[in-house]
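> can't give you the sequence, but here's the structure:
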């Protein structure tokens, strides 16, 4: 017996060829309804198995033409589809005259068994059952088109829903990939920064060794001069100043080493006053060189904070550097408003910024504020200022990582870093840290 397979999918055709050929059937194929009609009219098969969704002429149109053809109408027609699976599609297909409506995939043995049943019914037909009733007889052109269009619309709606779900999943996947890529870039940038600091630390250690040796010599000779000439000799004043200058150099070298070293220590109690002083010993000369007045009001008796001192020093250094850049941009030369103010005070929970999620829970904090009278920060920029890689500076002057890393450091310490600003007036960065 000959079975005509009508399907536009080569893989489907091959699978049915192997299955039916292995069960003793001769198989011929067509890739659309028009081609199937031409083939069948030349050499009618014993049975046709057709998909529905195909180009040129689909399965519904093929079945309608098949049952209108006097030579073909008695040949059983079986639908085998994976796309039109609604019960109304089944009713429409059987209303066109199809003997069976099968949904892919069927088990191979069950599929072959059903085809044999169809062929057996054709050879030995039972008493004719009542005809399948449909809303409109397929012979009536208007009724056929109505049901045919309804089937197409159902399929289109199902496809649109699938497309919407796929688009939603794709959008979520893209967003997640973007988030992961941003996180990867942030971590990579932090790694590069850590490697740079480690390199600087190694270099600074060597340089410090070379500096400290001659400094110790200068300090010792200054002391020898004082011991020899006595305090009343005019030379003693010069020797004393030499000693102070070498002490200052030694302090700068020590702070530079502390700043460049990768801090692997646990949190420990520290005075904010000492951290600020250590930072200013490094950047104070730079500020004075740019003709920036520095006003510092950090009480020595502030309660201690628990922190990694080097990391908090890094945050303060970044805030002071940003203030310097803002002032130099607005005031290229000396100006009475070219001033950075660094203040610190103890605050209560109610004074914390919006970052604080602890509400009214009793807790004390210390707030360090760095204020400048530069150009200010527009509101649109303020919302993104702590985002990684966001910067308003030229590429050769900023990477957009300083504030992002500083924000992460303060957050890791259980505090908050936030900003308030008036355009063309001032900018204040506040760092709130919990007390020990």
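Looks like it came in fine. What you see is a predicted model, and the numbers here were worked out from it, not measured in a lab. Residues are numbered from 1 along each chain as shown.
> Check for me that residue 228 belongs to a helix.
Yes. Applying DSSP: H, G, I helix; E, B strand; the rest coil, one finds residue 228 inside a helix.
> quick one: it and residue 221, what's the gap?
10 Å (CB to CB, to the nearest Å). Any C-beta I mention is one placed from the backbone N, CA and C, and that applies to glycine too.
> got any residues that touch both of the two?
Any residue near both residue 228 and residue 221 by CB atoms under 8 Å, 6 or more residues apart in numbering counts here, and not one turns up.
> For those two, indicate the residue with more neighbours.
Using other CB atoms under 10 Å, the more surrounded residue of residue 228 and residue 221 is residue 221, with 14 against 11.
> ok, the more buried one to residue 230 distance?
16 Å.
> and if you look at residue 435?
Residue 435 sits at a distance of 49 Å from residue 230 (criterion: CB to CB).
> With neighbour numbers in mind, choose between those two.
residue 435 (16 against 9).
> thinking the more buried one is in contact with residue 303, fair?
Yes. Contact between residue 435 and residue 303 holds when scored by CB atoms under 8 Å: they sit 4.7 Å apart.
> tell me, what's touching those two both at once?
The contact lists of residue 435 and residue 303 share 346, 364, 366, where a contact means CB under 8 Å, 6+ apart.
> Closest one to residue 120 out of those, please.
Comparing those against residue 120 with CB to CB places residue 364 closest, at 91.4 Å.
> what sits against the closest one?
Counting by CB under 8 Å, 6+ apart, the residues that residue 364 touches are 303, 346-349, 434-435.
> now those residues: which count as buried?
The neighbour count (16 or more other CB atoms under 10 Å) marks 349, 434-435 as buried among the contacts of residue 364.
> So which of those belong to strands?
residue 434 (DSSP state E).
> Now do the domain split for this structure, please.
Domain assignment for the chain by automatic domain parsing gives 2-139, 265-434.
> Can you redo those domains as JSON lines, where the extra columns are distance to residue 250 and mean pLDDT?
As requested, these are exported to JSON lines (distance: least, CB to CB, whole Å; pLDDT from 0 to 100):
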{"stretch": "domain 2-139", "distance to residue 250": "80", "mean pLDDT": "85"}
{"stretch": "domain 265-434", "distance to residue 250": "11", "mean pLDDT": "86"}
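> wait, which of the ones you listed is closest to residue 164?
domain 2-139 (17.4 Å).
> So residue 58 is in contact with residue 65, correct?
No. Residue 58 is not in contact with residue 65 according to CB under 8 Å; the separation is 11.1 Å.
> shared neighbours, the two?
Common neighbours of residue 58 and residue 65 (CB under 8 Å, 6+ apart) are residue 33.
> between the two, who's got more neighbours?
Higher neighbour count among residue 58 and residue 65: residue 58, with 21 against 16, using other CB under 10 Å.
> following the strand or helix carrying residue 169, which helix or strand comes up?
Residue 169 belongs to helix 141-229 when assigned by DSSP states H and E. Downstream of helix 141-229, the first helix or strand assigned by DSSP H and E is helix 234-260.
> Off-centre distance for that next one?
When distances are taken as CA atoms, centre = their mean, to the nearest Å, helix 234-260 is centred 50 Å away from the chain's centroid.
> ok, which stretches of the stretch 251-400 of the chain are helices?
Using DSSP state H, counting those that start in this stretch, the helices of the stretch 251-400 of the chain run over residues 272-289, 309-330, 379-382.
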